[in-house]
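Participant: Quick one, fold the following:
(one chain, ligands or ions: 1)
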Amino acid sequence: MFDYRLTEEQIALQKLAHEFAEKEVRPIGLELDHNPDPAKAAYMEPLLEKADKVGLRTMGIPERYGGGGIDDLFSHCVVAEELSWGNRGICGMLLSATKITHILESELCPSEEIREKWLRAYCDDPHFLISTATTEPNSGSENLLPYSAPDSGYRTSAVREGDEYVINGMKHFVSNIGWAKLYFVYVRTDQTKGVDEGASLMMIPRDTPGVSHGRVHDKMGYRLNLNRELMMDNVRIPVEYRLGPENCGVSYIRRHMRGDALINAAAMVGLARAAYEDTLEYAKTRVASGKPIIEHQAIASKIIDMYTGIEAARAYVLYGAWRVDAAWNGVDGKKIPGDPKMSASASYFAHEVACDVTRAAMEIHGGMGVMREIPIEMYFRDAHNMMHSDGGNIMKRLKAIRGL
Ligand SMILES: Cc1cc2nc3c(=O)[nH]c(=O)nc-3n(C[C@H](O)[C@H](O)[C@H](O)COP(=O)(O)OP(=O)(O)OC[C@H]3O[C@@H](n4cnc5c(N)ncnc54)[C@H](O)[C@@H]3O)c2cc1C
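Facilitator: This next block holds a predicted model:
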């Protein structure tokens, strides 16, 4: 049933993304990563402009709004692997088009007018990015599972006053915040209920009065992607910027959106592949104890484990993406029911593989593995950083377990 072959269009996209990663991303990646100022390591307007020019920034937006109309998750996974082979952080930044499409193309979007306004705004402005803000200093993983008790989950409040909501609260660790121009912010519209019964999702344009930005987080790895605090002080938005019914809750919102877990998983495959390729090359040329180190079985067996993990992770991620596409778009006109545990399961597997592979890459590079003149230690940091994003692997496993 599952056809692993790429279509001609997917092969062309793969080539485009690979060339972009090779020519535009890799030459600047390491230097940016080493910038001690986390705000200067991330967000590159010139790179966004270049990505825009070749269509990689807007490929996920429907054609009728000016985008590339690439709708299937499978193609996005193919592209994510190549971009992340260039740099994991840049891949994360560029994929914000997929998120805005998944949100605004869903039934949650209250009107075609709003959908068109913001998807066109995204396409027309090469610097347009979005942020999705869930995490707060006192609640992270529990929002994602979700753990729905009145005294848990995000506390940012939205109180209705006539035709507006008044929003107060704070988020932290949020990707792209401050540079993105539109925020999707998870709020509590009923503080007496848990996040599954008392939460809603709001759209907040960056320049709305009352929005401000706090410190940029200085972090290990994934440095080309910015994480920052968001403060909201009596922020007023029109009621039509609420996505979905009031108090519809986190699970309802998720059910109506195609998740991006598998795109991130594909990105982990690309990151692992970058580490593997460099390591294979190094092992063939580095001579120790009288021969290239690949001829020492202890080294070769580590390299074959790297290869096997990457191939297995890619196959699983792409199969998972195919299943999601089959559930949303159908195959030969027929929708095939999805498997609720598959995306989270493939995602944690790919994350584990990327950590294993980048650790082995460091080890095989000997002392050079921890030197900052080559990207091996950056790959290690990037892989391990991602174990802390999106709930981390403990949460991904727990989500998968719920589907058993
Ligand atoms: C690079 C990066 C990018 C990010 N981007 C965004 C973003 O764009 N938007 C956003 O809103 N947030 C973002 N985050 C935040 C991220 O989603 C949270 O850090 C993550 O969900 C964990 O939340 P926490 O830090 O509060 O950890 P906690 O929830 O405090 O968890 C601490 C530990 O306890 C474990 N734990 C928690 N609950 C349970 C349970 N029920 N059972 C077993 N173990 C449990 C967790 O797995 C973890 O190991 C980002 C984080 C990183 C690192």
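Participant: Tell me which residues touch the residue of the stretch 101-250 of the chain found nearest the ligand, please.
Facilitator: Residue of the stretch 101-250 of the chain nearest the ligand, by CB to the nearest ligand atom: residue 140 (2.0 Å). To be clear about C-beta, it is placed using only N, CA and C from the backbone, and glycine gets the same treatment. The contact partners of residue 140, by CB atoms under 8 Å, 6 or more residues apart in numbering, come to 134, 173, 391.
Participant: what is the rounded mean pLDDT of the one helix or strand the second one maps to?
Facilitator: What it means is residue 173. Here residue 173, judged by DSSP states H and E, is contained in strand 164-175. Strand 164-175 shows a mean pLDDT of 98.
Participant: for stretch 158-173, the distance to its chain's centre please.
Facilitator: Taking CA atoms, centre = their mean, to the nearest Å, one finds the center of stretch 158-173 at 25 Å from the center of the full chain.
Participant: Strands along the stretch 251-400 of the chain, start to end?
Facilitator: In the stretch 251-400 of the chain, the strands defined using DSSP state E, counting those that start in this stretch lie at 287-288, 291-292.
Participant: residues from this structure in reach of the ligand?
Facilitator: Taking CB under 6 Å from any ligand atom as the criterion, the chain approaches the ligand at residues 132-135, 140-142, 144, 171, 173-175, 222, 227, 385, 388-392, 394-395, 398.
Participant: Surely residue 309 and residue 358 touch.
Facilitator: No. Residue 309 lies out of contact with residue 358 (CB atoms under 8 Å); the separation is 10.8 Å.
Participant: Quick check: neighbours shared by those two?
Facilitator: Contacts common to residue 309 and residue 358, judged by CB under 8 Å, 6+ apart, are residue 272.
Participant: who's more crowded, those two?
Facilitator: Of the pair residue 309 and residue 358, residue 358 is the one with more neighbours under other CB atoms under 10 Å, namely 29 against 22.
Participant: What pLDDT is listed against the residue nearest to residue 53 when sequence neighbours are not counted?
Facilitator: Nearest residue to residue 53 in three dimensions, chain neighbours excluded: residue 126, at 7.9 Å (CB to CB, 6 or more residues apart in numbering). pLDDT recorded at residue 126 is 95.
Participant: what residues are up against residue 163?
Facilitator: 238, 239.
Participant: Among the contacts of residue 140, name the buried ones.
Facilitator: 134, 173, 391 (16 or more other CB atoms under 10 Å).
Participant: Quick one: low-confidence residue ranges for the chain.
Facilitator: 1 (pLDDT under 70).
Participant: Show me how it divides into domains.
Facilitator: If you go by automatic domain parsing, the domain ranges for the chain are 8-124, 130-253, 259-401.
Participant: of these, which approaches residue 2 most closely?
Facilitator: Evaluated over the domains of the chain, closeness to residue 2 peaks at domain 259-401, with 5.4 Å, by CB to CB.
Participant: How far off centre is the closest one?
Facilitator: Relative to the centre of its chain, domain 259-401 is centred 15 Å away, using CA atoms, centre = their mean.
Participant: Do me a favour and get the end-to-end distance for that domain?
Facilitator: Counting by CA to CA, to the nearest Å, you get 17 Å between the two ends of domain 259-401.
Participant: wait, what's in contact with residue 164?
Facilitator: Contacts for residue 164 (CB under 8 Å, 6+ apart) come out as 236, 237, 238, 239.
Participant: Also residue 313?
Facilitator: The contact partners of residue 313, taken as CB under 8 Å, 6+ apart, are 265, 268, 269, 272, 346, 349, 350, 353, 354.
Participant: among the residues you listed, which are in helices?
Facilitator: Of those, the ones assigned to helices by DSSP state H are 265, 268, 269, 272, 346, 349, 350, 353, 354.
Participant: For burial, what's the neighbour tally of the second one?
Facilitator: Around residue 268 there are 33 other residues, counting by other CB under 10 Å.
Participant: wait, isn't it in contact with residue 354?
Facilitator: Yes. Counting by CB under 8 Å, residue 268 does reach residue 354; the two are 4.0 Å apart.
Participant: okay, and the common contacts of the two?
Facilitator: 313, 383, 386.
Participant: from the residues you listed, which is closest to the ligand?
Facilitator: Using CB to the nearest ligand atom, the shortest approach to the ligand within those belongs to residue 386, at 6.7 Å.
Participant: ok, that closest one - contacts?
Facilitator: Residues near residue 386 by CB under 8 Å, 6+ apart: 88, 221, 222, 264, 268, 351, 354.
Participant: Equivalent analysis for residue 148, please.
Facilitator: Residues in contact with residue 148 (CB under 8 Å, 6+ apart) are 193, 194, 195, 196, 197, 249, 250.
Participant: In three-state terms, label it for me.
Facilitator: Following DSSP: H, G, I helix; E, B strand; the rest coil, residue 148 is assigned to coil.
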